[in-house]
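*Asks:* Everything below, folded, please.
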Amino acid sequence: MKNLWWQTLGTGNCHLVLLHGWGLNADVWHGVQEELASQFTLHLVDLPGFGRSHDFPAMSLDEMATTVLQHAPQKAIWLGWSLGGLVASQIALTHPARVQALVTVASSPCFCAHDEWPGIRQEVLASFQQQLSEDFQRTVERFLALQTMGTETARQDARTLKQKVLSLPMPEVEVLNGGLEILKTADLREPLAALTMPHLRIYGYLDGLVPRKVVPLLDERWPQSESIVMAKAAHAPFISHPDAFCAVLTTLRQRLA
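*Replies:* From the prediction side, this is the model:
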């Protein structure tokens, strides 16, 4: 029997599900979980194949979304960081009645650069996939370092992320490759334009993986959504700026009440 690791904290009347990014696990939310659990009923999840949900094989985006949804409350705010943002977005598309609001953090509906679309170059992701098979741990550590680059607390933030990865069993190479494949191929730009629930996008101004150039492009494509750019944050704003991050979510909860 495959078990999805799921932890529920707090007793607020509004449910908030947090989905982590590639290579990591729910422990990345450690710095904000106490504050958020005082405001929400908080659900922490290790995505299938990652962290304590290591029994699962590599999955497609739809399979991952379906697996996570099976364990979820009937209605919640879904918040996804990076790769988790794609999973939360997929759930909003396929089961809108289950999503009170969609929040994506340092995420993109299309992570790969295309023509006029800013993102990660195809060859960079392909190179990560190749390096995973050669030097698994170093490749993951390099990716984590990229996520905090440029912030005032970059070294400490990178150490925090690394600690969260290494404290639990590493995901299998196939699972990491499957995640990179989702980042390389997913493109939800058109489908997400049709969302009707509240949709909040949080970005880091210094993010090297999701360039801030995507913000005005999506503001135009998705006028029903709202964007916030955190000035001194990079790819992990909840680690570098936990108080500001929690304040944004508290404001959202008040608006939804």
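
*Asks:* pLDDT below threshold where in the stretch 1-150 of the chain?
*Replies:* 1 (pLDDT under 70).

*Asks:* Dihedrals phi and psi, residue 97?
*Replies:* phi -70, psi -20 (degrees, to the nearest 10).

*Asks:* Now for it, how many residues are close by?
*Replies:* Residue 97 has 8 neighbouring residues, counting by other CB atoms under 10 Å. (Each C-beta comes from the backbone N, C-alpha and C, glycine too.)

*Asks:* can you pull the buried residues of the lengthiest helix in the chain?
*Replies:* As assigned by DSSP state H, the longest helix anywhere in the chain is helix 242-256. Buried residues in helix 242-256, defined by neighbour count with 16 or more other CB atoms under 10 Å: 242, 244-246, 248-249, 252-253.

*Asks:* what helix or strand is the closest residue to residue 8 other than its chain neighbours on?
*Replies:* Once flanking residues are discounted, residue 8 sits nearest to residue 43: 5.5 Å by CB to CB, 6 or more residues apart in numbering. Residue 43 is part of strand 41-45 when elements are defined by DSSP states H and E.

*Asks:* what pairs with that strand, and is each one parallel or antiparallel?
*Replies:* In the sheet, strand 41-45 lines up against strand 6-9 (antiparallel), strand 15-19 (parallel) (DSSP bridges).

*Asks:* Please name whichever of those is nearest to residue 221.
*Replies:* Closest approach to residue 221 among the strands paired with strand 41-45 is made by strand 15-19 (22.6 Å; CB to CB).

*Asks:* on contacts alone, who are the packing partners of the helix or strand following that closest one?
*Replies:* Sequence-wise, the next helix or strand downstream of strand 15-19 (DSSP H and E) is helix 30-37. When contacts are defined as 3 or more CB pairs under 8 Å, 6 or more residues apart in numbering; DSSP states H and E, helix 30-37 packs onto strand 41-45, helix 237-240, helix 242-256.

*Asks:* distance between the strand holding residue 43 and the chain's centre?
*Replies:* 14 Å (CA atoms, centre = their mean, to the nearest Å).

*Asks:* which outside residues touch that strand?
*Replies:* The contact list for strand 41-45 (CB atoms under 8 Å, 6 or more residues apart in numbering) reads 4-20, 26, 29, 33, 36, 53, 68, 71-73, 76.

*Asks:* tell me the contacts of the closest residue to residue 96 other than its chain neighbours?
*Replies:* Nearest in space to residue 96, with sequence neighbours left out and distances taken as CB to CB, 6+ apart, is residue 197 at 6.2 Å. By CB under 8 Å, 6+ apart, the contact list for residue 197 reads 92, 96, 99-102.

*Asks:* wait, residue 224 sits on residue 192?
*Replies:* No - if you go by CB atoms under 8 Å, residue 224 and residue 192 don't touch, sitting 9.9 Å apart.

*Asks:* rewinding a little: mind picking the two most distant members of the contacts of residue 197?
*Replies:* 96 and 101 (11.0 Å).

*Asks:* State the distance from residue 240 to residue 255.
*Replies:* 25 Å (CB to CB, to the nearest Å).

*Asks:* that older thread, what is the burial count for the residue nearest to residue 8?
*Replies:* 24.
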